[in-house]
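In: Could you work out the structure for the sequence below:
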Amino acid sequence: MDKLRSMEIFVAVVESGSFTDAANRLGISAVMVGKYIAQLESQLGTRLLERNTRRQSLTDAGRVFVEESRRVLEQVLIAESSVERLRLAPAGTLRVSAPTSFGSCVVSPLAASFLQAWPEVRIELDLTNRMVDLVDEGIDLAIRIGNIQQTDIVAKYLCEYRMVICASPDYLARYGIPQTPAELTEHLCLSHTVWTARNEWLLPGMAGEVRWKRDAILRCNDGHGLRMAAIAGAGLLLQPEVLLAEDLACGRLVRVLEAFTPQPRPIHLLWRQDLRPLPKLTKFITHLLNGI
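Out: Here you go, the predicted model:
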């Protein structure tokens, strides 16, 4: 039998004065009340109530146990109320995992505006390109690029992850503007170290797909580092459009091979299946969807 329920029934018996009155108060039979009390005394290894045909009284153990039971039940009510308050308005800590570049450029500013609207929320934003385990790592929301294969999570489409090929005006003045992916062999290219044969970007060429040049003149594990190298004239850059929007708008970088950019990949929001997700999660999901 449930110990918390047994404690609740024991307190009701003490406060009501009899098994029958406690049963009426709780909406169960007097026999069931007796079973709960007997089970509780068996678990504790001591009598809690002295009973006869006319009255019942608490034993010394019973007097101690009823006070402690009241404290426990009060704490349970406080805990339940706290959870209910969390469900009424966003509050508490929200743990979010996002790809490094997309997370820093897009998710982080949106998290800042969300916190301004909901000051009772705290966000832990983990920027990583690895595939996190939502359950084992206690992640409330993950943002992933690419198709989703898992069936045990909820996935919602967020936006497309578009790539752009570009270079600085100085580089293009020195090496010329490529017209087809086949001309990449004649150019200096920059590449991210995270790209492998499994997740590399393919360009739709004149005769089938063309891999982004593998013998890059500069490989780096940081998108910002590659961006700065491209602005400095190091070579052609293949990078997410969202990271380069300002540079492209002001002319620090110039688009090339626009007809041959890689196919966009979908970005999804992922969260654990829950019949009643907390407002801190649902409101943040809505905030992301409206902000992009």
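In: SS state for Glu124?
Out: Look at Glu124: counting by DSSP: H, G, I helix; E, B strand; the rest coil, its state is strand.
In: Now do the helices in the stretch 51-200 of the chain.
Out: For the stretch 51-200 of the chain, applying DSSP state H, counting those that start in this stretch gives helices covering 60-88, 100-102, 108-117, 169-175.
In: Now the second one: average pLDDT?
Out: In this case it means helix 100-102. For helix 100-102, the mean pLDDT works out to 87.
In: before we move on, back to that, could you single out the most deeply buried of the helices of the stretch 51-200 of the chain?
Out: For the helices of the stretch 51-200 of the chain, average neighbour numbers computed from mean count of other Cβ atoms under 10 Å are highest in helix 100-102, which has a mean of 21. The C-beta positions use only the backbone N, C-alpha and C, and glycine is treated the same way.
In: Tell me the gap between it and the middle of its chain.
Out: Helix 100-102 sits 15 Å away from the centroid of its parent chain (Cα atoms, centre = their mean, to the nearest Å).
In: neighbouring contacts of that helix?
Out: Helix 100-102 has contacts (Cβ atoms under 8 Å, 6 or more residues apart in numbering) with 127-129, 143, 145, 161, 223-224, 240, 242-243, 267.
In: Please apply the same query to stretch 270-278.
Out: 86-87, 90, 92, 134-135, 140-144, 148, 150, 152-156, 281, 285.
In: Check the gap between Gly241 and Ala112 for me.
Out: In this structure residue 241 is Glu, not Gly. 22 Å (Cβ to Cβ, to the nearest Å).
In: Then Leu158?
Out: As judged by Cβ to Cβ, Leu158 and Ala112 stand 18 Å apart.
In: so where is the protein shaky, pLDDT-wise?
Out: Along the chain, segments meeting pLDDT under 70 span 1, 53-54, 84, 197-199, 205-208, 275.
In: Compute the distance between the residue nearest in space to the middle of it and Pro119, please.
Out: The chain has Leu141 as the residue nearest its centroid, 1.6 Å off, counting by Cα atoms, centre = their mean. Leu141 sits 19 Å away from Pro119, going by Cβ to Cβ.
In: ok, Leu269 - contacts?
Out: By Cβ under 8 Å, 6+ apart, the contact list for Leu269 reads 141-143, 155-158, 285, 288-289.
In: Quick check on these: which are buried?
Out: Among the contacts of Leu269, those buried by neighbour count (16 or more other Cβ atoms under 10 Å) are 141-143, 155, 158, 285, 288.
In: Show me which pair in those is furthest apart.
Out: Pairwise distances across these peak at 13.6 Å for Ala155 and Leu288 (criterion: Cβ to Cβ).
In: Next, the nearest residue in space to Val194 that is not next to it in sequence: phi, psi?
Out: Closest residue in space to Val194, ignoring its immediate chain neighbours: Asn129 at 5.7 Å, by Cβ to Cβ, 6 or more residues apart in numbering. For Asn129, the backbone dihedrals (degrees, to the nearest 10) come out as phi -90, psi 0.
In: Quick check: the gap between Asn129 and Asp60.
Out: Between Asn129 and Asp60 the distance is 63 Å, computed by Cβ to Cβ.
In: ok now do Pro279, which residues does it touch?
Out: Contacts of Pro279 (Cβ under 8 Å, 6+ apart): 86-91.
In: Now intersect the contacts of stretch 270-278 with the strands, please.
Out: Among the contacts of stretch 270-278, the residues falling in strands (DSSP state E) are 92, 141-144, 153-156.
In: Pipe those residues into a markdown table and attach distance to Arg219 per row.
Out: Output for those, formatted as a markdown table (distance: Cβ to Cβ, whole Å):
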| residue | distance to Arg219 |
| --- | --- |
| Gly92 | 41 |
| Leu141 | 31 |
| Ala142 | 27 |
| Ile143 | 25 |
| Arg144 | 23 |
| Ile153 | 33 |
| Val154 | 36 |
| Ala155 | 32 |
| Lys156 | 34 |
